[in-house]
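**Q** Got a sequence here, can you model it:
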Amino acid sequence: MQFSAQFLELPKMRMLHQRFSVLPAVNVLTEMEREWADLKDRIELPRKGSVAVGIGQADFTTRRLVDKIDFKVTAIHCLTACCPEAGKLPLAYPSDREAIAAALMTLRPYSLDDLRLVHIKNTLELDNLTVSKGCLSDLQGKSDVTIEKKDLRLEFDGSGNLLSPFAAI
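**A** Numbers count the residues shown, from 1 in each chain. Now for the predicted structure:
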């Protein structure tokens, strides 16, 4: 199926800041490094790219991410965890804009006011994120959430890749 992401209409977003009442995410590999030091010395895994355990949970991604995956190491991690499905590849598109456009094609019907999008920096830094208008009613009035008044737009570079609103934070 061919489609054009050139005229993709996206909702306005709002920056959100939250204070967590739960403990922050723990990097398990760092915490267990002392216990695994002996084992890691005996295993040699060449690192050409990134481990992509969990990419199988996504429906859409970019070629940019797929090109960085070290498939051998990812397969070892998935098999060790007894979940080979965690390494399955989603549909891959040349740019963020095209991946988002493809994802939006699967939502029928929707209006920009109802669309619920969340943009995070990464899964370890969830203090600041942007959300679409469709998410605001669930977040307003929460004491641990501050919503900025300024509307933001998802911005893309000349190649169609999403520009981060988190660079200035």
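**Q** Which elements pack onto the host helix or strand of L16?
**A** Assessed by DSSP states H and E, L16 sits inside strand 12-18. With contacts taken as 3 or more C-beta pairs under 8 Å, 6 or more residues apart in numbering; DSSP states H and E, strand 12-18 sits against strand 125-132, helix 133-139, strand 145-153. Yep, even glycine has a C-beta here, placed from its N, CA and C like the rest.
**Q** Nearest to A58, out of these?
**A** strand 125-132 (17.6 Å; C-beta to C-beta).
**Q** Quick check: buried residues in that closest one?
**A** Within strand 125-132, the residues scored as buried using 16 or more other C-beta atoms under 10 Å are N128, L129, T130, V131, S132.
**Q** Specify which member of these is nearest to V51.
**A** L129 (24.0 Å).
**Q** Can you check the pLDDT for that closest one?
**A** With respect to pLDDT, L129 scores 90.
**Q** Then G49?
**A** 67.
**Q** circling back to that earlier point, will you turn the buried residues of strand 125-132 into CSV that also has distance to L163?
**A** CSV is the format used below for those (distance: C-beta to C-beta, whole Å):
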residue, distance to L163
N128, 15
L129, 15
T130, 12
V131, 17
S132, 17
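**Q** Among those residues, pick out the one closest to D157, please.
**A** Nearest to D157 among the buried residues of strand 125-132, with distances taken as C-beta to C-beta, is T130, at 17.0 Å.
**Q** tell me which residues form a beta bridge with that closest one?
**A** Beta bridges link T130 to M15, H119 when assigned by DSSP bridges.
**Q** Pull up the gap between it and G56, please.
**A** 26 Å (C-beta to C-beta, to the nearest Å).
**Q** right, and D157 touches D96 too?
**A** No - applying C-beta atoms under 8 Å, one finds D157 not in contact with D96, separated by 9.1 Å.
**Q** higher neighbour count, these two?
**A** Taking neighbours as other C-beta atoms under 10 Å, D157 and D96 compare with D96 leading, 22 against 11.
**Q** got the contact list for the more buried one?
**A** T62, F156, G160, N161, L162 (C-beta atoms under 8 Å, 6 or more residues apart in numbering).
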